[in-house]
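Student: I would like to see how this sequence folds:
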Amino acid sequence: MNRRDTIKSLLLGSVATGLALHGCTPKDGAAPEVVSNAATKFYGRTPEELAHDEEIYAEEFLNEHELSTIAVLCDIILPANETHGSATDAGVQDFIEFIVKDMPNHQTPLRGGLMWLDNHTNKMYGKEFINCSNEEQLAVCDKIAYPTKKDEPSDYKQGEKFFTRMRNLTLTGYYTSKIGIEALGYKGNTPNVWDGVPQDVLDKHGLAYDPVWLSKCIDQENRGNLAKWDDEGNLIS
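Tutor: A predicted model of the protein is given here:
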């Protein structure tokens, strides 16, 4: 089993606890007005949430070097395979940038971890992590991917904590993206396509559909249309 399949099986078999993203609760208990302009990337947000998101997107925290390093780490944690794209294909680096600004408790550990990573590779290879070869990058990640015991001495403690945080953020971002949900095979509340009772069952019971009703209700080309009724309760279309 490869790394991606292992992560997928763990995610499906347990509740993800690495990151909790909380929604907003109206103070008065009333349902909030929802902004549903499909043309905006903030589709389905309330006015308050929309203003909050715009404020977060306008802020800057991580610099270009830090974002580039995060992108490399994301794809090491979740590379592309023959059927699904990588973490960066799913825009996970953008998700992490947003979360770091929206949840400031991530800022110091993440920035400190990136500094540790560059300092470590400078000592080992004489260059920053992003400039290392893929083999060198993987060798470093293998060292910090599996935390040592608390009482076990290690020069990689900070790196281990940083990589665990990166892995949690990467998995959360990926498996809440369109690509990640498709990779899980999660269908959610997707409605089934029903084309009526099978003909052999109808024949067995001596039943048949009214052709007029059948054309209005079982035509899958019109399954997305809302039904219309007249004032007497008769189905129009």
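
Student: Check which helix or strand residue 139 maps to.
Tutor: helix 134-144 (DSSP states H and E).

Student: Can you tell me which helices and strands that helix packs against?
Tutor: On a contact count with 3 or more Cβ pairs under 8 Å, 6 or more residues apart in numbering; DSSP states H and E, helix 134-144 meets helix 64-77, helix 107-125, helix 157-174. No exception for glycine: its C-beta is placed from N, CA and C like everyone else's.

Student: Just name whatever secondary elements the last one is in contact with.
Tutor: This points to helix 157-174. helix 64-77, helix 92-102, helix 107-125, helix 134-144, helix 178-184.

Student: circling back to that earlier point, now the angle between helix 107-125 and the helix holding residue 139, please.
Tutor: Angle of helix 134-144 versus helix 107-125, following axes from the mean of the first three to the mean of the last three Cα atoms, to 10 degrees, is 120 degrees.

Student: Serialize the helices and strands packed on helix 134-144 to TSV and add fields for distance to residue 189 and mean pLDDT.
Tutor: Below are the helices and strands packed on helix 134-144 laid out as TSV (distance: least, Cβ to Cβ, whole Å; pLDDT from 0 to 100):
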stretch	distance to residue 189	mean pLDDT
helix 64-77	29	96
helix 107-125	34	95
helix 157-174	21	94
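
Student: Those: which one's closest to residue 49?
Tutor: Closest to residue 49 of the helices and strands packed on helix 134-144 is helix 157-174 (Cβ to Cβ; 18.7 Å).

Student: So for that closest one, what gets flagged as buried?
Tutor: 158-174 (16 or more other Cβ atoms under 10 Å).
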